[in-house]
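Peer 1: Model the following, please.
(one chain, ligands or ions: 1)
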Amino acid sequence: MIASAHVDTFARDNLPPAALQPEFLFDLPELQYPDRMNACVELLDNAVARGLGDRPCIVTPAETLNYAQLLERVNRIASVLVNDLGMVPGNRVLLRSANNAMMAASYLAVLKAGGIAVATMPLLRAKEISYVIGKAKVAFALCDSRLGEEMDKAKSLAPELKQLVYWGSGDLEKRMAQPGYENFSACNTAASDVCLIAFTSGTTGQPKGTMHFHRDLLSVCDTYGRHVLRANADDRFIGSPPLAFTFGTGGLLFFPMRAGASTVLLEKAGPDELLAAIEQHRATVCFTAPTAYRALLGKLDGRDIASLRKCVSAGEALPKATWEAWHAATGISILDGIGSTEMLHIFIGSPEEDLRPGATGKPVPGYQAKIIDNDGNALPPNVPGRLAVRGPTGCRYLADERQRKYVEDGWNITGDTYLCDKEGYFWYQARSDDMIVSAGYNIAGPEVESVLLSHPAVAECGVVGAPCPERGQIVKAFIVLRPGFAGDATMTKILQEFVKAEVAPYKYPRAVEYVSSLPKTDTGKLQRFRLREAAAASANAKLAS
Ligand code: 3UK
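Peer 2: From the prediction side, this is the model:
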């Protein structure tokens with residue numbers, strides 16, 4: 001047993017029992033980490049020690065910090081945490097902000113001081129924030145003063161929170177300016193000390209806290225980052241996911257720093273802001289979601305985004321039509337990849353020369369994946385089943401019975417239905433609980449969505465099962481049309497015929513409803529359960545009338 005640096009043992013005490021943890025794999029030579037390491041030291045202090053100090057690290061519309069300047073800022077924040085606020089190793093620190101330099105610096109400062117970062121999505125409301133504080137027993141918070149209103153409300157709801165310091169108002173900045181605070185000696189953490197509790201954005205039930213170690217942060221860089229993304233020190237990253245979402249923390253902070261590269265952090269990263277910033281900062285690597293790639297496609301005219309060389313898509317399946325349209329418009333092969341908060345980052349996804357448009361890809365080096373039936377038996381190629389994965393990272397819920405559901409026999413069960421073809425490519429079908437069963441057929445909503453999306457009239461769509469007395473369920477499509485198209489009976493007929501011509505006719509949407517937008521989570525995922533509720537409500541209304 002390697003000695004933990006944690007004085008506050010809460011996280012360790014609440015790890016799932018060994019028997020319920022997944023099996024961890026460290027076969028690759030690059031995953032042979034020493035027993036003691038601190039992720040901030042690896043990503044930041046060592047970069048400066050290697051001579052990268054004057055290279056740009058964080059670029060925002062407001063400021064640019066090179067590696068040395070970021071290190072000084074991190075040291076100052078860590079000094080405040082420990083000297084002023086009394087944080088000890090193992091304490092949880094809540095972080096709240098849009099993506100900006102102070103958020104990134106605060107995150108790294110928590111790691112460096114041996115604390116545990118608990119980053120929250122900017123959109124969360126007081127009740128949700130106070131749940132997180134209570135669940136992770138958080139006593140410290142650093143927050144952007146512009147998000148003060150909900151934060152103050154959350155503090156009044158959550159007695160565990162003792163110290164709340166704002167930046168932007170001058171409070172944190174004044175403390176940071178104290179003499180001597182520019183130096184801070186890192187906490188000598190164990191590689192297996194928890195340094196991050198990331199909450200899932202829970203579409204059902206309360207959010208789950210997933211615990212990750214210092215070494216896990218490096219593992220995702222040295223697997224996906226090194227073998228699939230393959231960025232270098234001249235790259236400039238950009239993207240839209242919040243730093244509080246591990247897709248964003250990896251893609252916009254850990255991966256660029258591990259490569260000695262720079263990252264553009266945007267507080268607002270809608271399609272217009274993102275395009276303008278790519279152009280202005282000559283960004284080369286972009287991380288965003290499938291919906292955003294579709295939105296960007298409509299706005300490329302007159303833009304110069306020739307600097308881009310790599311685009312990563314995750315969070316939801318990337319339909320082949322979106323991949324092809326982006327490739328036609330930019331020449332770039334989007335790298336699709338499936339990741340999860342439990343696994344920390346992407347575990348299936350292939351590099352440009354080895355991908356299949358429409359497929360997620362092959363397991364990332366360091367990870368293994370298989371398709372199993374309900375009893376845990378491996379299924380043959382091309383048969384859809386449950387996706388099971390394992391690798392250097394994996395699911396460790398903070399005090400949560402749902403650990404038993406996510407981990408089976410040492411494998412992480414992501415809740416997705418996939419199939420694996422004869423060549424070893426993994427093809428997404430649906431979230432396992434989103435499969436539509438209609439007149440005995442299993443139908444994957446995302447497959448129908450991807451057909452509809454390839455029709456020029458369709459901007460966005462969501463396909464779910466609607467209750468039906470005869471068939472159990474019918475396929476129902478909620479569709480956002482592109483400007484200039486009318487959602488009438490003729491359009492419905494056209495789209496239904498279009499689907500029947502592209503895939504097995506039983507999959508066509510028997511019901512179509514036109515909407516102006518689709519419900520999404522803070523992490524940009526389609527909320528199919530809301531569409532199901534809407535579909536059920538209108539089906540019941542019909543029955544009653
Ligand atoms: C779905 C995908 C098909 C899938 C995430 C990259 O999305 C992330 O984490 P979450 O915990 O959600 C996990 C679930 O989202 N999903 C994600 N990517 C894909 N489905 N194709 C994809 N490419 O249902 C998965 O189980 O919010 C993604 C990196 C870090 C992340 N946390």
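Peer 1: Would you mind listing what in the stretch 151-300 of the chain touches the ligand?
Peer 2: Thr200, Ser201, Thr246, Phe247 (Cβ under 6 Å from any ligand atom). C-betas here are computed from N, CA, C, even on glycine.
Peer 1: Sticking with Val312, tell me its helix or strand.
Peer 2: strand 310-313 (DSSP states H and E).
Peer 1: now do Ala369
Peer 2: Going by DSSP H and E, Ala369 is part of strand 368-372.
Peer 1: quick revisit: the strand holding Val312 packs against which elements?
Peer 2: strand 285-288, helix 290-297, helix 320-330, strand 335-336 (3 or more Cβ pairs under 8 Å, 6 or more residues apart in numbering; DSSP states H and E).
Peer 1: mind giving me JSON lines with the ones you listed and columns for mean neighbour count, distance to Ile474 and mean pLDDT?
Peer 2: Below are these laid out as JSON lines (neighbours: other Cβ atoms under 10 Å; distance: least, Cβ to Cβ, whole Å; pLDDT from 0 to 100):
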{"stretch": "strand 285-288", "mean neighbour count": "27", "distance to Ile474": "33", "mean pLDDT": "98"}
{"stretch": "helix 290-297", "mean neighbour count": "21", "distance to Ile474": "25", "mean pLDDT": "94"}
{"stretch": "helix 320-330", "mean neighbour count": "18", "distance to Ile474": "24", "mean pLDDT": "96"}
{"stretch": "strand 335-336", "mean neighbour count": "26", "distance to Ile474": "29", "mean pLDDT": "98"}
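Peer 1: quick one on the thing from earlier: tabulate the residues of the stretch 151-300 of the chain next to the ligand (CSV), appending distance to Tyr441.
Peer 2: Output for those, formatted as CSV (distance: Cβ to Cβ, whole Å):
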residue, distance to Tyr441
Thr200, 31
Ser201, 31
Thr246, 35
Phe247, 33
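Peer 1: distance of the residue of the stretch 51-200 of the chain found nearest the ligand from Lys135?
Peer 2: Residue of the stretch 51-200 of the chain nearest the ligand, by Cβ to the nearest ligand atom: Thr200 (5.2 Å). Distance, Thr200 to Lys135, by Cβ to Cβ, to the nearest Å: 12 Å.
Peer 1: out of those two, which sits in the busier spot?
Peer 2: Lys135 (22 against 19; other Cβ atoms under 10 Å).
Peer 1: Leaving out sequence neighbours, find the closest residue to that one.
Peer 2: Gly209 (5.8 Å; Cβ to Cβ, 6 or more residues apart in numbering).
Peer 1: Give me every residue in this protein that's in contact range of the ligand.
Peer 2: 200-201, 246-247, 314-317, 336-341, 345-346, 360, 414-416, 428, 431, 523.
Peer 1: In helices, which of those appear?
Peer 2: Among the residues of the chain next to the ligand, DSSP state H puts Thr246, Phe247 in helices.
Peer 1: Pull out the buried residues from the residues of the chain next to the ligand.
Peer 2: Among the residues of the chain next to the ligand, those classed as buried by 16 or more other Cβ atoms under 10 Å are 200-201, 246-247, 314-317, 336-341, 345-346, 360, 414, 416, 428, 431, 523.
Peer 1: picking up where we left off before, lowest-confidence member of the residues of the stretch 151-300 of the chain next to the ligand, which is it?
Peer 2: In terms of pLDDT, Ser201 ranks lowest among these, with 78.
Peer 1: Isn't Leu108 up against Asn38?
Peer 2: No - between Leu108 and Asn38 there is no contact under Cβ atoms under 8 Å: 10.2 Å.
Peer 1: Most proximal residue of the chain with respect to the ligand?
Peer 2: Nearest residue of the chain to the ligand, counting by Cβ to the nearest ligand atom: Gly339, 2.5 Å away.
Peer 1: For the strand holding Val312, which outside residues touch it?
Peer 2: 229, 231, 235, 239, 251, 284-290, 293, 322, 326, 330, 332, 334-337, 346, 349, 352 (Cβ atoms under 8 Å, 6 or more residues apart in numbering).
Peer 1: roughly how far out does it sit from the chain middle?
Peer 2: Here the centre of strand 310-313 is set off from its chain's centre by 13 Å, with Cα atoms, centre = their mean, to the nearest Å.
Peer 1: strands paired with that strand, and their directions?
Peer 2: strand 285-288 (parallel), strand 335-336 (parallel) (DSSP bridges).
Peer 1: Give me the secondary structure label for Pro22.
Peer 2: coil (DSSP: H, G, I helix; E, B strand; the rest coil).
Peer 1: Now do the domain split for this protein, please.
Peer 2: 23-350+363-420, 433-544 (automatic domain parsing).
Peer 1: And the most centrally placed residue in the chain, how far from Tyr107?
Peer 2: Nearest residue to the geometric centre of the chain (Cα atoms, centre = their mean): Phe247, 2.9 Å. In this view, Phe247 and Tyr107 are 15 Å apart by Cβ to Cβ.
Peer 1: And the helix or strand harbouring Ala109, how far out from the chain middle?
Peer 2: In this structure, Ala109 sits in helix 101-112 according to DSSP H and E. What separates the centre of helix 101-112 from the centre of its chain is 18 Å, taken as Cα atoms, centre = their mean.
Peer 1: returning to that earlier point: is it correct that the residue nearest to Lys135 is in contact with Leu398?
Peer 2: Yes - using Cβ under 8 Å, Gly209 is in contact with Leu398, at 3.6 Å.
Peer 1: Kindly state the pLDDT recorded for Asp144?
Peer 2: 98.
Peer 1: so how many other residues sit close to it?
Peer 2: Counted with other Cβ under 10 Å, Asp144 comes out at 22.
Peer 1: confidence score at the nearest residue to it once chain neighbours are set aside?
Peer 2: Using Cβ to Cβ, 6+ apart and skipping the chain neighbours, the partner closest in space to Asp144 is Ser97 (3.8 Å). On the pLDDT scale, Ser97 is placed at 98.
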